[in-house]
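Trainee: Pasting the sequence and the predicted model now:
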Amino acid sequence: MRVTTAQVAQFVQALPHIDVADRKAFRDAARCTLVSHRDELPAFDRLFAQFWSPAAATLAAAAGAPRDNVPSRGRAPAQVGLLATPRSPPSERAPDTTERTVVDRVLTYSGVEILRRKRFEELSQDELTEVERMLRRLTWRVEERRSRRHRRAPRGPRLDWRRTIAAAIRHDGEWIARRWQQRARVPRPLVVLADVSGSMERYTRLLLTFLHTLTRQGSRYGRRQRVETFLFGTRLTRTTRALATRNIDGALAEVGRHVVDWAGGTRIGDSVHLFNRVWSRRVLGRGAVVIIISDGWDRGDPALVGREIARLRRSCSRLVWLNPLIGTRAFAPRTRGLVAALPYVDDFLPVHDLTSLEALARHLEALPALPCRRRSPRVDCAEPEKRQ
């Protein structure tokens, strides 16, 4: 039988509403939630008979137990998986020549889905190692842009004269076939500015693993995607070469030697100002996508943050802000620096668990081919029909 996790969840949710010692009620609940097609009914009846026969004594004992020993109604579903294991003494069991293996269904779940949705700051050391391993398996690819160069194509708007003439020479000057060209498509450069101040310290390890994965990305069409990474707290530090190390531990050790303002204060405006003045002309060419990773807490001037973020937005194709606090309850962008910067941000996304990073990977791959330009801070690039 093909039973999904959602069906199992529905079955467990139905158990508090029935008497689990009642064979008919238990069978009906399982049949309504676990059976997807009528062809599975014979298999379900056979499996249910195999399940109920060793569990019947346990269910009857649980139904007749003193009230002090009966678990509360809220904890009843947690005990259901244990019912598959017979609790009667070995002397009372019926003789059986066939050795059966009973599986405890509580231990058959997968913790991958839990780790994907668990917040980064709540992970234990073992869970952190597993999430880092899962993160390194993600594929990061930014949507490609149209290049000014042309490449070969079976059909296209432009005739490839060099290849066409070369083919004609091979046939004594006869123009038997024509060769075509079309505009090439290349990956957009990706620039990441990550906050490593004290308020972001609990996310730093995983975010640096994320940056290392981005930097180590492969190539498409023989061209390696250009990725530039910068870390900032009270000052800006370029870490592209340090994160290019093949080994993740060696890369993080190299980053630690270069960054001197680790787990300190935050000056977003000053750091972005230094980037705009020194690095923007070097790394923001060819329609680059800029990602800022920060919780928005800033000790500097909010007006400076707004001016520099606006200038950065005019220099790139798209500006994405990742905030780990978006996944918390009652979050609202109320800090003065974040309020000043958000009008110039195209995408304001969460980065608090592995699921949010997977969503970010899909978002970067689906970015529009043409740059999204704004005429004013209030114009939304996602709704061009509202522009007047």
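Mentor: In hand now; what should we look at?

Trainee: Quick check: residue 182 touching residue 149?
Mentor: No: between residue 182 and residue 149 no contact is recorded; they are 10.4 Å apart, counting by C-beta atoms under 8 Å. For the C-beta atoms, the positions are set from N, CA and C on the backbone; glycine is no exception.

Trainee: quick one: which of these two has more around it?
Mentor: Taking other C-beta atoms under 10 Å, residue 182 and residue 149 do not tie; residue 182 has more neighbours (16 against 10).

Trainee: and the more buried one, which of the three is it?
Mentor: Under DSSP: H, G, I helix; E, B strand; the rest coil, the three-state class of residue 182 is strand.

Trainee: List the residues that contact it.
Mentor: By C-beta atoms under 8 Å, 6 or more residues apart in numbering, the residues touching residue 182 are 150-151, 153, 155-158.

Trainee: hmm, 7 Å instead?
Mentor: When contacts are counted by C-beta atoms under 7 Å, 6 or more residues apart in numbering, residue 182 is found next to 150-151, 153, 156-158.

Trainee: For residue 236, give its distance to residue 26.
Mentor: Distance check for residue 236 against residue 26: by C-beta to C-beta, to the nearest Å, it reads 63 Å.

Trainee: One more: residue 208?
Mentor: Separation of residue 208 from residue 26 (C-beta to C-beta): 51 Å.

Trainee: hey, what's the closest residue to residue 157 other than its chain neighbours bridged with?
Mentor: Ranked by C-beta to C-beta, 6 or more residues apart in numbering and with sequence neighbours excluded, the top spatial neighbour of residue 157 is residue 182, at 6.7 Å. Residue 182 has the following beta-bridge partners by DSSP bridges: residue 151.

Trainee: From residue 163, how far out is residue 182?
Mentor: Distance, residue 182 to residue 163, using C-beta to C-beta: 13 Å.

Trainee: Kindly report the same for residue 279.
Mentor: Distance, residue 279 to residue 163, by C-beta to C-beta: 40 Å.

Trainee: For the stretch 251-388 of the chain, which residues score under the pLDDT cut-off?
Mentor: Low-confidence segments of the stretch 251-388 of the chain, defined by pLDDT under 70: 368-388.

Trainee: And the helices in it?
Mentor: Counting by DSSP state H, counting those that start in this stretch, the stretch 251-388 of the chain has helices at residues 268-274, 280-283, 302-315, 336-341, 354-365.

Trainee: Save these as a markdown table, and put in mean neighbour count too.
Mentor: Converted to a markdown table, the helices of the stretch 251-388 of the chain look like this (neighbours: other C-beta atoms under 10 Å):
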| stretch | mean neighbour count |
| --- | --- |
| helix 268-274 | 23 |
| helix 280-283 | 15 |
| helix 302-315 | 19 |
| helix 336-341 | 22 |
| helix 354-365 | 17 |
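
Trainee: Which of these sits closest to residue 140?
Mentor: Closest approach to residue 140 among the helices of the stretch 251-388 of the chain (C-beta to C-beta): helix 354-365, 5.5 Å.

Trainee: neighbouring contacts of that closest one?
Mentor: 115-117, 131, 134-135, 138-143, 210, 327, 347, 349-351.

Trainee: Now do the helices for the stretch 101-250 of the chain: every range, in order, please.
Mentor: Taking DSSP H, counting those that start in this stretch as the criterion, the stretch 101-250 of the chain contains helices spanning 112-117, 125-136, 161-169, 201-215, 240-243, 248-258.

Trainee: Now do the longest one, average pLDDT.
Mentor: I take that to be helix 201-215. Mean pLDDT, helix 201-215: 85.

Trainee: Please apply the same query to the first one.
Mentor: The average pLDDT for helix 112-117 rounds to 74.

Trainee: Okay, strands next: where are they in the protein?
Mentor: 144-153, 158-159, 180-187, 190-195, 219-220, 223-224, 227-232, 236-238, 289-293, 318-323, 347-350 (DSSP state E).

Trainee: Which pLDDT does the model give the residue of the chain positioned farthest from its centre?
Mentor: Each residue of the chain has a distance to the centre, and by C-alpha atoms, centre = their mean the biggest one is for residue 172: 58.1 Å. Per-residue pLDDT puts residue 172 at 80.

Trainee: residue contacts, it?
Mentor: Per C-beta under 7 Å, 6+ apart, neighbours of residue 172: none.

Trainee: between the strands of the chain, which one is nearest to residue 307?
Mentor: For the strands of the chain, proximity to residue 307 was assessed by C-beta to C-beta; strand 318-323 is nearest, at 14.3 Å.

Trainee: can you give me the angle that closest one makes with helix 302-315?
Mentor: Orientation check (axes from the mean of the first three to the mean of the last three C-alpha atoms, to 10 degrees): strand 318-323 against helix 302-315 gives 140 degrees.
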